[in-house]
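Asks: Here is my input; please provide its structure:
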Amino acid sequence: MTELRRRMIRDMTIRGFSPRTHQTYLYAVRQLAKYYRRPPDELSAEEVQGYLSDMVTTRKWAWSTCSLVVNAFRFLYHTTLDRKTMEFVIPRPKQSKHLPEILSREEVRQLLESPPNPKHRLLLTTIYAAGLRVSEALKLRVKDIDTRRMTIHVHQGKGR
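Replies: Residues are numbered from 1 along each chain as shown. Here you go, the predicted structure:
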């Protein structure tokens with residue numbers, strides 16, 4: 001493990017970033033280093049911006065992915081390397097104005113009854129009824145369900 005990687009992990013840990021954020025940010029920085037075949041701390045702001053430009057124009061990455069990569073680079077350069085003057089920009093996407101499609105009661109019933117395994121049906125029903133994210137559902141344990149008060153204790157929800 002390189003010293004830079006070790007410092008970045010330390011900085012993310014101190015700030016309480018989730019393990020998934022650690023993984024994602026480190027992957028983004030690794031890809032940048034692979035792209036230029038040089039350590040990221042040797043790259044200029046123009047080179048990093050060129051990589052971001054390539055992501056958007058040539059590789060056609062989704063805007064959300066590009067935004068995540070920009071955040072990883074900002075963290076690396078602004079926090080870990082203390083280069084506050086390095087700025088990275090990607091154009092904001094056009095905001096869609098459509099509302100999400102709402103399922104009818106019959107469609108919800110069909111969805112929740114579709115898994116043949118009763119455990120899968122129960123899990124899907126719980127996720128739907130409580131509005132859980134997949135990561136929240138994966139951490140759910142029987143002891144987290146309070147049937148007396150009809151509540152669920154969610155561990156490590158988004159934003160803790």
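Asks: and residue 144, how many residues sit next to it?
Replies: By other CB atoms under 10 Å, the residues close to residue 144 number 13. (C-beta placed from N, C-alpha, C; glycine too.)
Asks: Okay, it and residue 18: tell me how far apart.
Replies: Distance of residue 144 to residue 18, computed by CB to CB, to the nearest Å: 19 Å.
Asks: could you point out which element follows the longest helix along the chain?
Replies: Of all segments of type helix in the chain, defined using DSSP state H, the longest is helix 19-36. Sequence-wise, the next helix or strand downstream of helix 19-36 (DSSP states H and E) is helix 45-57.
Asks: What angle do helix 45-57 and the next helix or strand after that following helix make with each other?
Replies: Toward the C-terminus, helix 45-57 is succeeded by helix 63-74 as the next helix or strand (DSSP H and E). If you take axes from the mean of the first three to the mean of the last three CA atoms, to 10 degrees, helix 63-74 sits at 170 degrees to helix 45-57.
Asks: tell me how far helix 63-74 is from the chain's mean position?
Replies: Distance of helix 63-74 from the chain centroid (CA atoms, centre = their mean, to the nearest Å) equals 10 Å.
Asks: Also stretch 38-45?
Replies: 24 Å.
Asks: Check stretch 107-124 too.
Replies: Using CA atoms, centre = their mean, the offset of stretch 107-124 from its chain centre is 27 Å.
Asks: What residues sit buried inside it?
Replies: Buried residues in stretch 107-124, counted by 16 or more other CB atoms under 10 Å: 123, 124.
Asks: quick one: low-confidence parts of the protein?
Replies: 91-97, 158-160 (pLDDT under 70).
Asks: Count the residues that sit near residue 69.
Replies: Other residues lying near residue 69 total 24 when counted by other CB under 10 Å.
Asks: what's near enough to touch the nearest residue to it once chain neighbours are set aside?
Replies: With sequence-adjacent residues excluded and distances taken as CB to CB, 6 or more residues apart in numbering, residue 69 is closest to residue 28, at 4.5 Å. Residues near residue 28 by CB atoms under 8 Å, 6 or more residues apart in numbering: 68, 69, 72, 73.
Asks: Need the max-distance pair from the residues you listed.
Replies: Largest separation among the contacts of residue 28 by CB to CB: 68 and 73, giving 9.9 Å.
Asks: In terms of packing, which of the two has more residues around it?
Replies: residue 73 (23 against 17).
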